[in-house]
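Provided below for reference: sequence and predicted model.
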Amino acid sequence: KQEVTQIPAALSVPEGENLVLNCSFTDSAIYNLQWFRQDPGKGLTSLLLIQSSQREQTSGRLNASLDKSSGRSTLYIAASQPGDSATYLCAGAPRRAGGTSYGKLTFGQGTILTVHP
Amino acid sequence: KAGVTQTPRYLIKTRGQQVTLSCSPISGHRSVSWYQQTPGQGLQFLFEYFSETQRNKGNFPGRFSGRQFSNSRSEMNVSTLELGDSALYLCASSLYSGEQFFGPGTRLTVL
């Protein structure tokens, strides 16, 4: 059974800092790993998807890496801004026959990020 | 392109009642997954539908059920509501179960 752990549970930083959020998973047979942000009371916004054949993805100030052998993924946020304040969730999808993943994500508990002006 | 839509956005029910939630996926997406989010348990997978077939099911009691229509819209139903069913219910759609895109959720309160 896949278990996903996120460290730290909460993080508070001043504006402008570079920061790293960590995600670890127990089953290396992960197919996709996806990072999301969630604002209070809202749905999830997809940030980055790392597919099975990839090791990292970048979007703007965000960079996510995936190391299946060690069961870890990291999300790097450069030059943090107050608007980055949210809960960040990582989630893994298992492989299914044919190479595509099931639409069944296992989520970590999230990291609550607060960026102070 | 319109995103995933969920209706209603808020619901208040009493114990013992049943409820039906609706999800319209992004146009062209054939996979719809449902999740329950609570403060204590976090996000938990309920079930996934692809081309009107349930492809995967999470560890929830039989009171939770769902279906998908030929236009890929999906509904989930919870019968005999319990206080513990109070949660944010999220649906997500994807193209062949790749990147998942979430709707805004339905906030269900059971009194």
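Now that the structure is in, tell me what you want to look at.

where does pLDDT dip in chain B?
Residue ranges of chain B with pLDDT under 70: B:1, B:96-97.

for it, what spans make up the strands?
Under the criterion DSSP state E, chain B contains strands at B:5-7, B:10-13, B:19-24, B:31-38, B:42-50, B:53-57, B:64-68, B:74-78, B:87-94, B:101-102, B:106-110.

just the pLDDT for the closest residue to A:Ala10 other than its chain neighbours.
Once flanking residues are discounted, A:Ala10 sits nearest to A:Ile112: 4.4 Å by C-beta to C-beta, 6 or more residues apart in numbering or on different chains. In this view, the C-beta of every residue, glycine as well, is placed from N, C-alpha and C. Listed pLDDT for A:Ile112 reads 97.

now A:Ile112: which helix or strand?
A:Ile112 belongs to strand A:111-116 when elements are defined using DSSP states H and E.

for that strand, which positions count as buried?
The neighbour-count check on strand A:111-116 (16 or more other C-beta atoms under 10 Å in any protein chain shown) flags A:Thr111, A:Ile112, A:Leu113, A:Val115 as buried.

so how far is A:Leu44 from the last one?
This means A:Val115. 19 Å (C-beta to C-beta, to the nearest Å).

again, but for the second one
In this structure, A:Ile112 and A:Leu44 are 14 Å apart, going by C-beta to C-beta.

now do the first one
Separation of A:Thr111 from A:Leu44 (C-beta to C-beta): 14 Å.

and A:Leu66, by the same measure?
On the measure of C-beta to C-beta, A:Leu66 and A:Leu44 end up 19 Å apart.

which of the two has more neighbours?
The neighbour comparison of A:Leu66 against A:Leu44 (other C-beta atoms under 10 Å in any protein chain shown) goes to A:Leu44, with 27 against 24.

the more buried one and B:Leu88 touch, don't they?
No - look at A:Leu44 against B:Leu88 with C-beta atoms under 8 Å: they stay out of range, at 10.3 Å.

wait, B:Ser70 sits on B:Glu52?
Yes - shown here, B:Ser70 and B:Glu52 form a contact pair, counting by C-beta under 8 Å, at 6.3 Å.

more neighbours: which of the two?
B:Glu52 (13 against 7).

leaving out chain neighbours, which residue sits closest to the more buried one?
B:Gln68 (4.9 Å).

which ones are touching the one you found?
B:Val32, B:Tyr49, B:Phe50, B:Ser51, B:Glu52, B:Thr53, B:Gln54, B:Ser74 (C-beta atoms under 8 Å, 6 or more residues apart in numbering or on different chains).

nearest spatial neighbour of the residue positioned nearest the centre of chain B, skipping sequence neighbours?
Centroid check for chain B by C-alpha atoms, centre = their mean gives B:Trp34 as the closest residue, at 3.6 Å. Spatial nearest neighbour of B:Trp34, excluding adjacent residues (C-beta to C-beta, 6+ apart): B:Leu46 at 4.1 Å.

contacting residues for the one you found?
B:Ser33, B:Trp34, B:Tyr35, B:Gln36, B:Lys57, B:Gly58, B:Phe60, B:Phe64, B:Gly66, B:Met76, B:Tyr89.

give me the number of residues near the third one?
B:Tyr35 has 26 neighbours, counted by other C-beta under 10 Å.

count the residues that sit near the residue lying closest to it once chain neighbours are set aside.
Excluding its sequence neighbours, the residue lying closest to B:Tyr35 (C-beta to C-beta, 6+ apart) is B:Leu90, at 4.7 Å. Here the number of neighbours of B:Leu90 (other C-beta under 10 Å) works out to 25.
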